[in-house]
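Peer 1: quick one: sequence and predicted model below, then my questions.
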Amino acid sequence: MVPLLDRPENAGALSYLAHGRPADEATFGPPPEDLDSRHLGTHPTVVDRLWEDLNRGLPVDARWLVFDGPALIHPDGTILAAAMGTQYALRLLPDDRAAAIAAGAESVHHFQTVGTTLDLPEAFGPEWVFGRFDDREPAWLLASYQAIAPAESASRHASV
């Protein structure tokens, strides 16, 4: 399937986003042009934050569906950000993650409506934090993107 499924750094995020479903029962890849983003199980404001605001700051179009949900994917297959319900999570460099937390971002969130708690460092990995519409997030995400690996090509995910 897609290399992102085989990347060890994606294992935690993929496990959570799968909600117990096998990958062959879900949609992966760039969103189709006619996709209605109001039916992705994520609040439209969160979809816009990822796919418009944060994606705009990256050198390539990183918009993807991962287990049918909105995400941003590096051309090498690394998950950079993922949306879930009314929240979104970002993979950040340590200093940027610390700055986000100092500014009030959470690494653990309790979802009141469903009565569950998601500990991002435990479930996704230590570099993850919940986004909070901070104006610095596009720059932080770009730094994460650039730190992963220089993109071998500026393709729009043709090889992912």
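Peer 2: Noted; the coordinates are in hand.
Peer 1: the lowest-mean-pLDDT helix or strand in the chain: which residues count as buried?
Peer 2: Between all helices and strands in the chain, the lowest mean by mean pLDDT, DSSP states H and E belongs to strand 108-111, at a mean of 88. The neighbour-count check on strand 108-111 (16 or more other CB atoms under 10 Å) flags H109 as buried. For glycine as for every other residue, the C-beta is placed from the backbone atoms N, C-alpha and C.
Peer 1: could you check the pLDDT of the residue nearest to P138 when sequence neighbours are not counted?
Peer 2: If the residues on either side of it in the chain are set aside, P138 comes closest to G57, at 3.4 Å by CB to CB, 6 or more residues apart in numbering. Among the per-residue scores, G57 shows a pLDDT of 95.
Peer 1: if I look at whatever residue is furthest in space from the centre of the chain, how far off is A147?
Peer 2: Here the centre of the chain is the reference, and by CA atoms, centre = their mean the most remote residue is G115, at 22.4 Å. Separation of G115 from A147 (CB to CB, to the nearest Å): 36 Å.
Peer 1: same question, R63
Peer 2: When CB to CB is the yardstick, R63 and A147 sit 20 Å from each other.
Peer 1: neighbour-wise, which of these two wins?
Peer 2: Just comparing R63 and A147: by other CB atoms under 10 Å the higher neighbour count belongs to R63, 23 against 13.
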